[in-house]
Structure formats: C-alpha cells, structure tokens
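Novice: The following block contains a protein sequence and its predicted model.
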Amino acid sequence: MPHGRRTRHNRRSKGRGRSEDFAVVIDARGAVMAWGAGAGRLLGYRSEEVIGRPAAYLLAAKLPIALRRHLAAREPWTSDVVLRKRDGDRVKVQLRGTPLTDADGGTPWSSPRRR
C-alpha cells in the first residue's frame with residue numbers, strides 16, 4: 001500500500017458481544033485511498049463517496065494535540081477521535097495508527113474502536 005495509512009476498527013456488535021474490524025487507507029496527503037465495508041457500515045458512506053476525498057472531511061472535531069504530535073513525528077499512536085457519519089450524527093472511535101512505509105521509505109499512518 002504505497003503512501004498509505006491503514007485504519008483498523010474494532011466495534012462491538014449491539015447485544016452480541018462480537019467485534020467487527022475494518023481497514024481504511026489514507027495517503028500521505030491525507031486523502032482516502034481505500035474504504036472497507038465495515039467503515040461503510042459504521043459511518044454510512046459508500047466507497048465512491050470517500051475515496052479521493054480528504055480524510056479530514058470525516059472528522060467531527062479537531063484531532064487531539066497529542067495525536068497531532070504523533071502524526072507529525074510519524075509515530076504509532078492510539079487516540080479517541082469523533083467522526084462524522086453520513087447522516088450527520090457523530091460517533092466516537094478509538095483509532096490506533098501504525099505508519100506504513102512506501103517504496104521511497106516515506107511513512108504515512110492507522111485505527112478505530114467505537115466507544
């Protein structure tokens with residue numbers, strides 16, 4: 001995945017105690033490159049609505065300062081983030097980010113867990 005940030009989501013299904021995972025890839029410019037079905041179910045967007053758009057469009061609040069520092073340093077991170085669903089509602093998720101290295105040695109980032 002060149003210039004990608006992979007986001008893995010772990011969400012408990014209502015009343016069933018199961019988890020659901022998904023991945024989202026974000027390039028070094030912050031644009032969504034890949035959109036998994038789990039991300040679509042959680043946020044309500046189809047892949048064609050988000051691929052190529054800035055990932056910041058999905059944010060319902062500013063990123064925490066500590067998270068911004070980790071992103072700038074291209075370090076792994078974990079943080080609660082509030083995302084905007086297609087219907088306008090907000091959902092708080094826990095993102096765990098892991099930098100991925102591209103062919104040129106660049107490191108973009110990654111992940112959400114619903115609270």
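Specialist: Sure, I can see it. Numbering: from 1, shown residues only.

Novice: Okay, strands next: where are they in this protein?
Specialist: Here the chain has its strands, by DSSP state E, at 5-12, 19-26, 32-35, 77-84, 90-99.

Novice: Comparing these by mean pLDDT, which bottoms out?
Specialist: Mean pLDDT is lowest for strand 5-12 out of the strands of the chain, coming in at a mean of 46.

Novice: mind checking how far stretch 66-82 is from the chain centre?
Specialist: Stretch 66-82 has its C-alpha centroid displaced from the chain centroid by 11 Å (CA atoms, centre = their mean, to the nearest Å).

Novice: start to end distance for it?
Specialist: Using CA to CA, to the nearest Å, one end of stretch 66-82 lies 15 Å from the other.

Novice: Same check on stretch 73-87?
Specialist: Stretch 73-87 stretches 34 Å from its first residue to its last (CA to CA).

Novice: do stretch 42-56 as well
Specialist: End-to-end span of stretch 42-56 (CA to CA): 17 Å.

Novice: for stretch 28-36, same thing?
Specialist: Chord length of stretch 28-36, first to last residue, is 19 Å (CA to CA).

Novice: Determine the set of other helices and strands touching the helix of greatest length in the chain.
Specialist: The longest helix of the chain (DSSP state H) is helix 65-73. For helix 65-73, the elements it packs on are strand 77-84, strand 90-99, judged by 3 or more CB pairs under 8 Å, 6 or more residues apart in numbering; DSSP states H and E. Yep, even glycine has a C-beta here, placed from its N, CA and C like the rest.

Novice: Next, the buried residues of stretch 40-56.
Specialist: The neighbour-count check on stretch 40-56 (16 or more other CB atoms under 10 Å) flags G40, L42, L43, Y45, V50, A55 as buried.

Novice: brain fart, stretch 63-79
Specialist: Buried residues in stretch 63-79, counted by 16+ other CB under 10 Å: L63, L67, H70, L71, W77, S79.

Novice: Good, we can wrap up now.
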